[in-house]
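*Asks:* Build the 3D model from these lines:
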Amino acid sequence: QVQLVESGGGLVQAGGSLRLSCAASGRTFSNYNMGWFRQAPGKEREFVAVIRWSYRTSYVDSVKGRFAISRDNAKNTVYLEMNSLKPEDTAVYYCAATQGRTTDTAGGYDYWGQGTQVTVSS
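*Replies:* From the prediction side, this is the model:
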């Protein structure tokens, strides 16, 4: 089992920045691909970014150049640095973990955090 706890969400004005953190406990963190997803009201959960055990990263097009995912294996933590935030980034952001190869869809992940709300005002 892997337990994930997100933090760092909040209310920010458009153009602002936030850094989300996801602390993991349980199995060996460094073996897992770690993803961030988001879900806005009335919408499906959407892939945002992933950092694999190899440190290779991928992003959804809408956040490229604005968001950066990173990990600190010594702290068992993955981060999502979000810059130039837009109102359309408003959602609950979830951290997820998988050892599988499917990393850009929610179905590929085995463990999820409880989510943290990000609200961007215009």
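*Asks:* which ones are touching the residue positioned nearest the centre of the chain?
*Replies:* Averaging the C-alpha coordinates of the chain gives a centre point, and the residue nearest to it by Cα atoms, centre = their mean is Trp36 (2.2 Å). Trp36 is in contact with Leu20, Cys22, Val48, Ala49, Val50, Ile69, Val78, Leu80, Tyr93, Tyr94, Cys95, Ala96, counting by Cβ atoms under 8 Å, 6 or more residues apart in numbering. Bear in mind the C-beta positions are built from the backbone N, C-alpha and C, glycine included.
*Asks:* Val50 now?
*Replies:* If you count contacts by Cβ under 8 Å, 6+ apart, Val50 has them with Asn33, Met34, Gly35, Trp36, Thr57, Ser58, Ile69, Thr103, Asp104.
*Asks:* same check, this time on Val120
*Replies:* Val120 sits next to Leu11, Val12, Gln13, Ala14, Gly16, Leu85, Lys86, Pro87, Glu88, Asp89, Thr90 when contact means Cβ under 8 Å, 6+ apart.
*Asks:* Among these, name the ones in helices.
*Replies:* Taking DSSP state H, every one of the contacts of Val120 sits outside helices.
*Asks:* between these, which is nearest Ala40?
*Replies:* The shortest distance between Ala40 and any of those, using Cβ to Cβ, involves Thr90 and amounts to 6.3 Å.
*Asks:* Surely that closest one touches Lys43?
*Replies:* No - using Cβ atoms under 8 Å, Thr90 is not in contact with Lys43, being 10.7 Å away.
*Asks:* What lies in contact with stretch 111-118?
*Replies:* By Cβ under 8 Å, 6+ apart, the list of residues contacting stretch 111-118 from outside reads 1-10, 12, 18, 20, 22, 38-39, 82, 85, 89-98.
*Asks:* Ok, stretch 72-83 next?
*Replies:* Stretch 72-83 is contacted from outside by 17-25, 29-30, 34, 36, 48-49, 51, 63, 66-71, 89, 93, 95, 118, using Cβ under 8 Å, 6+ apart.
*Asks:* buried set for that stretch?
*Replies:* Taking 16 or more other Cβ atoms under 10 Å as the neighbour-count basis, stretch 72-83 is seen to contain the buried residues Asn76, Thr77, Val78, Tyr79, Leu80, Met82.
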